[in-house]
Each structure stands twice: as structure tokens, then as C-alpha cells.
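>>> give me a model of this one.
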Amino acid sequence: MNKQFFGTDGIRGAVGQYPVTADFMLKLGWSAGRVFASEGRSTKVLIGKDTRVSGYMFESALEAGLVAAGANVLLLGPMPTPAVAMLTRSQKASAGIVISASHNPYTDNGVKFFNADGKKLSDAVEEEIERTLSHPMETVPSPQLGKASRMVDASGRYIEFCKSTFPQSLSLRGLKLVLDCAHGATYQIAPQVFAELGAEVIVIGADPDGYNINDGVGSTSPAALQARVLSEQADAGIAFDGDGDRVQCVAADGTVIDGDELLFVIANDLVRQNRAPKGVVGTLMSNLGLEQALQEKGVDLVRAQVGDRFVLEEMAQRGWQLGGEASGHIICGDLTTTGDGIIAALQVMAAVVRSGESLLTLKSGLYKYPQTLLNVTVSPDFRLTECTEALEESRRVEAELAGRGRLVLRPSGTEPLIRVMIEGTDGSENQMLAERIAQAISSAQ
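Model (predicted):
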């Protein structure tokens with residue numbers, strides 16, 4: 001079955017445009033409730049959200065649909081995506097739902113699901129939810145209606161869980177850290193976690209108003225964090241995205257440390273502890289330099305498709321415990337079931353404390369090849385596989401790069417974009433080649 005609504009990370013789009021509408025979310029809640037009930041589980045579903053103003057509307061709609069299907073609902077309020085995964089497991093719930101559009105602006109929103117194990121839904125379950133959406137919505141008899149309640153201690157539970165992943169023998173005392181919470185779901189939790197572990201914490205991006213999520217702050221806009229780290233003379237900066245499943249860091253000199261480099265820092269710290277991982281799962285976008293740096297440490301890198309879902313699947317197939325993306329989705333599989341910005345940052349800071357070295361020094365063993373990434377806006381019905389002009393130009397570019405670099409050409413799983421990535425030794429050549437392909441795509445529409 002070709003899924004109509006679910007992408008690589010749930011359902012996402014512009015608020016008010018189908019399917020990101022209140023009536024669709026009502027039906028989606030009901031459909032999901034029916035499917036989870038049909039699996040024979042206790043139908044308790046958790047709902048968390050980020051700080052977008054539209055979250056109120058979609059929370060109410062999903063709650064009503066789930067209750068109409070007979071599911072009990074626990075409302076968590078603003079909560080990082082990985083917190084919902086963790087609480088779904090600890091509460092023995094049927095599923096967890098996150099209302100978020102991650103790093104997108106407030107005008108977008110979406111829904112992500114976790115199963116009872118705190119993992120992304122399988123294709124089969126997503127397809128069953130979509131099939132159920134086509135059925136007439138029928139409310140269960142009144143004695144079977146679900147109930148909704150609010151989980152008042154959700155934040156405290158997740159804070160303690162995050163702290164438990166930081167080595168008990170270590171402390172963050174003596175470190176000055178700037179945290180950028182993107183005016184998003186980590187705005188209350190992350191500062192408490194790092195402060196309670198001993199750090200001197202300075203916080204930016206922690207005043208959400210429903211409209212400013214990811215607006216000039218967060219992991220996709222590191223300039224504000226870089227400036228504050230320098231002005232405060234801090235040891236490091238940590239930036240999360242709107243729903244808290246991504247992280248980027250900033251070194252004391254203002255250098256941005258991306259997901260590839262953070263993966264290297266964590267993996268190398270494990271090597272130093274004689275706990276070397278069997279391997280690390282990256283993606284097609286992972287820098288060639290990461291692969292080479294890990295190989296020097298005796299650690300293999302395997303590339304999955306782009307998307308933390310595919311990284312997780314590859315990790316599970318290989319029995320590996322560490323993976324992630326350059327965008328900052330870092331998955332520490334021995335600690336949690338999904339990408340978690342706070343927990344990944346804690347492992348990086350543990351490496352800093354354990355080694356006594358700066359973040360800049362710890363990542364210095366990785367040389368990153370220049371990459372150019374262009375996003376080409378396309379119509380929703382655009383099919384890259386049918387675009388002869390783009391495919392022919394791509395073949396020409398690959399011939400020119402032979403032995404000197406890589407081309408990755410792929411559609412975004414969450415937005416109407418084609419991503420063109422060129423990696424090679426010459427940054428200016430990368431840009432020129434990427435622009436040729438981008439122009440071919442644009443001209444073909």
C-alpha cells in the first residue's frame with residue numbers, strides 16, 4: 001500500500017491545509033484508537049506537544065477522536081518528542097502521540113506516533129490507520145467511551161530519566177553552558193537537567209509564545225547561540241530543535257559542532273573507555289570524513305536512508321547501539337529508543353568531563369569534507385524518478401566527480417523539496433555542480 005498521509009516522520013504540513021486540519025485530526029485520533037484497540041492492548045494513549053499555538057487545537061481534536069474510539073488519554077502538555085517515547089514505555093501505554101512539526105516554523109504542525117515500546121510505528125500499523133480513516137467514524141457506546149486526564153508529573157519523570165543517563169561518578173560542576181531551547185518543547189526541562197547535574201546554565205530561546213518556535217534560534221539557527229557562547233565566554237553551547245529530538249553544539253570559540261562530529265565524539269569516548277561500539281549507523285548525508293575518522297578508531301560506519309526511522313531500523317538489524325544524522329538526530333540505543341537531543345548532549349558533555357578536554361579538541365580527530373546542500377522547491381506531485389533532465393544532469397555530475405566525491409539526490413520526506421548534496425574536496429566546485437542539478441530540476445517543472 002502506498003501511504004497517503006504518513007511520511008518518514010509522521011504526518012506534517014501547513015496548519016489549516018489538509019490533512020493538518022482539526023477535522024482530520026479528530027478522525028485520525030479515532031482511527032488510531034480503533035487500530036490500537038484492535039491489537040488487543042490496553043488502549044491508553046499519551047499525547048504530548050511542542051509549543052505551537054495550533055497544538056491546543058490538535059490536542060483537543062486527537063483527544064476527542066481517541067475517546068470516541070474507547071481509548072483513555074493521558075495529556076502531557078509541552079513535552080519533548082523523546083520524552084513521549086520514554087513515558088509511553090514507562091506507563092505501559094498502547095501508544096504515544098506527539099503534536100509537532102519539529103524544526104519547521106509555527107505555521108506548520110504535524111503528528112508523530114510511538115508504539116508501546118517507544119519506537120516509531122511500523123509500516124503495517126501506519127497503513128492500517130490509513131485504511132481505518134476511510135471508514136465512517138462511529139463512536140463506541142457510552143459505557144465504553146474513554147476518559148482523559150492530565151499527567152501532572154510528566155516533566156519531573158523525564159528530567160530524572162535524563163539525569164540517570166549521565167554517569168553517576170561525573171559532574172558538570174565547573175562548566176558554563178549556554179542552552180538554546182528554540183522556544184520549543186525543551187524550554188523547561190533542559191535547563192533543569194543541566195543545572196541539577198552541576199553546570200552553570202545560561203538559557204536562550206526559552207520564552208515560547210506559540211509563534212516564535214525555531215524563529216532565529218535552535219539547532220537550525222545557531223548564530224544566536226554562537227554569539228552568546230562568545231559573549232559569556234562559556235565552555236560550550238547546546239542547541240535543541242523545536243521538539244527536542246535534535247541537538248547541535250557550539251564550542252568555546254563559536255565553532256558549530258554538527259551531528260556527524262557529535263557522533264564521533266560519543267563513539268571515540270566509548271573507544272577510550274574500552275567500550276568501542278561494534279559500528280555506527282549514519283545516513284547517505286553523513287560526511288565521508290566521519291567514516292574515515294571512525295575507521296581509524298576501528299569502528300565501522302554504515303549508511304542508511306535519510307531519516308532517524310531508517311537509522312533505527314539499520315541499528316536494530318545489526319544489533320548496534322549508536323547512530324544518527326548530521327542534522328543532530330543522535331540515537332544512543334543503549335539508553336533510549338529514539339533520537340534524544342538532551343540525552344545525546346549529556347553523553348557529549350560526559351566525554352568532555354571524562355577527558356578533561358574541550359569540545360573543540362575532542363572533535364579535532366575528524367576532518368570534514370566540504371559539502372554543498374541545496375533544497376529545490378517542487379510541486380507536490382513532482383516525481384524525481386520521472387524527471388529526465390535532472391537524472392541526465394546527475395549522471396554527468398557523477399562522471400565528473402568519479403573518485404573525488406559523492407552526489408546524493410533525494411526527495412525530502414517531510415516537505416515538497418528535492419535535496420541536492422555534493423561532497424568533495426573542492427567547495428567551489430561542489431557549489432557549481434549542485435547548482436547545475438538544481439537548475440535542471442527547476443527548469444523541468
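
>>> what's the domain layout of the protein?
11-152, 173-256, 258-340+356-368, 371-443 (automatic domain parsing).

>>> who wins for proximity to F166 among those domains?
When these are ranked by distance to F166, counting by CB to CB, first place goes to domain 173-256 at 5.7 Å. Where C-beta positions appear, they are placed from N, C-alpha and C, glycine not excepted.

>>> pLDDT (mean, whole number) over the closest one?
Domain 173-256 carries an average pLDDT of 98.

>>> distance of the residue sitting furthest away from the middle of the chain from G70?
Distance from the C-alpha centroid of the chain, by CA atoms, centre = their mean, peaks at P143 (39.2 Å). In this view, P143 and G70 are 10 Å apart by CB to CB, to the nearest Å.

>>> ok now stretch 331-346, how far from the chain's centre?
11 Å (CA atoms, centre = their mean, to the nearest Å).

>>> give me phi/psi at M57?
Taking degrees, to the nearest 10, you get phi -60, psi -50 for the backbone angles of M57.

>>> do the same with the one 10 residues further on
According to degrees, to the nearest 10, the main-chain angles of V67 amount to phi -60, psi -40.

>>> would you mind giving the secondary structure of L177?
Three-state assignment for L177 (DSSP: H, G, I helix; E, B strand; the rest coil): strand.

>>> name whatever forms a beta bridge with it.
V201, A236 (DSSP bridges).

>>> direction included, what does the helix or strand bottoming out on mean pLDDT in the chain pair against?
Least confident helix or strand of the chain, by mean pLDDT, DSSP states H and E, is strand 405-411 with a mean of 91. Using DSSP bridges, the strands paired with strand 405-411 are strand 417-424 (antiparallel).

>>> just the CA atoms of the partner strand, as CSV, please.
In CSV, the C-alpha atoms belonging to strand 417-424 read as follows (Å, rounded to 0.1, in the frame of the first residue of the first chain):
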residue,chain,number,x,y,z
LEU,A,417,11.7,19.7,-1.7
ILE,A,418,14.4,17.9,-3.6
ARG,A,419,17.7,17.9,-1.7
VAL,A,420,20.9,18.1,-3.8
MET,A,421,24.0,17.3,-1.9
ILE,A,422,27.5,17.3,-3.4
GLU,A,423,30.5,16.3,-1.3
GLY,A,424,34.1,16.6,-2.5
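
>>> who are the packing partners of the helix or strand following it?
Next in sequence after strand 417-424, counting helices and strands by DSSP states H and E, comes helix 427-443. Helix 427-443 is packed against strand 371-377, helix 388-401, strand 405-411, strand 417-424, with contacts defined by 3 or more CB pairs under 8 Å, 6 or more residues apart in numbering; DSSP states H and E.

>>> point out the most buried one among the ones you listed.
Stretch with highest mean neighbour count among the helices and strands packed on helix 427-443: strand 417-424 (a mean of 22; mean count of other CB atoms under 10 Å).

>>> for the record, mean pLDDT for it?
So the average pLDDT for strand 417-424 ends up being 94.

>>> distance from that strand to the middle of the chain?
With CA atoms, centre = their mean, you get 20 Å for strand 417-424.

>>> give me the residues contacting it.
284-285, 287-288, 306, 369-378, 382, 384, 390, 397, 401, 404-412, 430-431, 433-434, 437-438, 441 (CB atoms under 8 Å, 6 or more residues apart in numbering).

>>> what inclination does it have with respect to helix 388-401?
10 degrees (axes from the mean of the first three to the mean of the last three CA atoms, to 10 degrees).

>>> taking helix 427-443 as reference, get the angle to strand 417-424.
Using the same axes, to 10 degrees: strand 417-424 against helix 427-443 is 160 degrees.

>>> any low-confidence regions in the chain?
1, 39-42 (pLDDT under 70).

>>> repeat that for 90
Across the chain, the ranges flagged by pLDDT under 90 are 1-3, 7-9, 37-42, 306-308, 380-381, 402-405, 412-416, 425, 443-445.

>>> residue nearest the centroid of it?
When CA atoms, centre = their mean is applied to the chain, the residue found nearest the centroid is D245 (4.1 Å).

>>> just give the closest residue to P191, not the sequence neighbours.
In space, and not counting its chain neighbours, P191 is closest to V203: 4.9 Å by CB to CB, 6 or more residues apart in numbering.

>>> check whether the one you found really touches H183, as I assumed.
No: look at V203 against H183 with CB atoms under 8 Å: they stay out of range, at 11.0 Å.

>>> more crowded one of the two?
Neighbour count, other CB atoms under 10 Å: between V203 and H183, H183 has more, with 27 against 17.

>>> secondary structure element holding the more buried one?
Using DSSP H and E, no helix or strand contains H183.

>>> quick one: contacts for it?
H183 neighbours (CB under 8 Å, 6+ apart): 51, 205-209, 212-215, 217-218, 242.

>>> now the buried members of those residues.
In terms of neighbour count (16 or more other CB atoms under 10 Å), the buried residues within the contacts of H183 are T51, G205, A206, P208, N212, I213, N214, V217, G218, G242.

>>> any chance of a markdown table for those, columns secondary structure?
Converted to a markdown table, these look like this (three-state DSSP):
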| residue | secondary structure |
| --- | --- |
| T51 | coil |
| G205 | coil |
| A206 | coil |
| P208 | coil |
| N212 | coil |
| I213 | coil |
| N214 | coil |
| V217 | coil |
| G218 | coil |
| G242 | coil |
